[in-house]
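Asks: Next one to model:
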Amino acid sequence: MAPLPAPSPLACPGFDHDAHTRAFHDHEWGEPVIEAIILFEYLVLQTFQAGLPRDWVLKRREAFREALHNFDPVRLARFDEDEVAEFLLNPGVLRNRRKAETTRQNAQAWLRLRAELGGDAALLRWFYAFVGGRPHRNHWTLPAEVPAIAPAGDALSRELKRRGFGLLGPFGSYQLLQTAGLVNDHLISCPRHADCARLADEWTLN
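Replies: Numbers count the residues shown, from 1 in each chain. Coordinates of the predicted model:
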């Protein structure tokens, strides 16, 4: 079998595994999120991705959606032991007890933070404050320049841990910022850099 061609030096790194990751890159990754429920979905997926390749989670995303009550934080905050046991029997998801229980923990922490701040819009502003209050745009030219961790992710990770969230260290927290478009880390040679920059220019929260 002939070896796969080397990725283009101008391609965004980490999205050449399969159709799921390419679609995620082309239609979601880096778009500034304006709905709290979407950010929470990304947070749940990031929890399950901890320590694993991105494509392992993305190709199971719809199975996760069905098993985790459409990523509804209110419902997941009540995820009881019977439901955890049922989840662990589901062949369509990544069956990991710690991550399932942490998802319940994170849903509870999410709801506490939302209540403290006064609603979804305030919750989104809280997350955006870690990047200066608006989507942050980087201008990388090579894959090697794109950071795996950054001060914003470090600060977010510390604060999430303090508020009772789990499995969201500096690496995972920065990936969450990238995915949700709080940071635009597309290479400038990638057409999605300009797309996400335009969305950031139009970005507003109620």
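
Asks: So T102 is in contact with G172, correct?
Replies: No. Under the contact definition of CB atoms under 8 Å, T102 does not touch G172, with a separation of 11.3 Å. C-betas here are computed from N, CA, C, even on glycine.

Asks: which residues are in contact with both of those two?
Replies: T47 (CB atoms under 8 Å, 6 or more residues apart in numbering).

Asks: Tell me where the protein has strands.
Replies: Using DSSP state E, the strands assigned to the chain run over residues 136-137, 183-184.

Asks: Any idea how many residues pack against F165?
Replies: Taking other CB atoms under 10 Å as the criterion, the count of residues near F165 is 22.

Asks: Now it. Its backbone dihedrals?
Replies: phi -80, psi 150 (degrees, to the nearest 10).

Asks: Just name the most buried of the strands of the chain.
Replies: strand 183-184 (a mean of 26; mean count of other CB atoms under 10 Å).

Asks: And that strand, how far out from the chain middle?
Replies: Taking CA atoms, centre = their mean, to the nearest Å, the mean C-alpha location of strand 183-184 is offset from the chain mean by 12 Å.

Asks: Then stretch 105-121?
Replies: Using CA atoms, centre = their mean, the offset of stretch 105-121 from its chain centre is 17 Å.

Asks: do the same with stretch 178-197
Replies: 14 Å.

Asks: okay, the strands of the chain in JSON lines with mean pLDDT next?
Replies: Shown next, in JSON lines, are the strands of the chain (pLDDT from 0 to 100):
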{"stretch": "strand 136-137", "mean pLDDT": "98"}
{"stretch": "strand 183-184", "mean pLDDT": "98"}
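
Asks: Quick one: closest of the ones you listed to C196.
Replies: Checking the strands of the chain against C196 by CB to CB gives strand 183-184 as the closest, at 4.7 Å.

Asks: tally of neighbours for the residue lying closest to I188 once chain neighbours are set aside?
Replies: Nearest residue to I188, sequence neighbours excluded (CB to CB, 6 or more residues apart in numbering): H139, at 5.4 Å. For H139, the count of nearby residues is 12 (other CB under 10 Å).

Asks: Now H139, what are its backbone angles?
Replies: Recorded main-chain torsions at H139 are phi -140, psi 60, according to degrees, to the nearest 10.

Asks: tell me the contacts of the closest residue to K99 other than its chain neighbours?
Replies: The shortest distance from K99 to any non-neighbouring residue, by CB to CB, 6+ apart, is to F48 (5.2 Å). Contact analysis of F48 by CB under 8 Å, 6+ apart lists 57, 64, 93-94, 96, 99, 103.

Asks: So the closest residue to C196 other than its chain neighbours versus H136, what's the distance?
Replies: With CB to CB, 6+ apart as the criterion, C196 has its nearest non-adjacent residue at 4.3 Å, and that residue is G30. Distance, G30 to H136, by CB to CB, to the nearest Å: 11 Å.

Asks: Could you do R95 as well?
Replies: Per CB to CB, R95 is found 36 Å from H136.

Asks: For the helix or strand of the chain with the lowest mean pLDDT, which residues meet the burial criterion?
Replies: For the chain, counting by mean pLDDT, DSSP states H and E, helix 19-27 ranks last in confidence among helices and strands (a mean of 93). Neighbour-count burial for helix 19-27, counted by 16 or more other CB atoms under 10 Å, picks out 20-21, 24-25.
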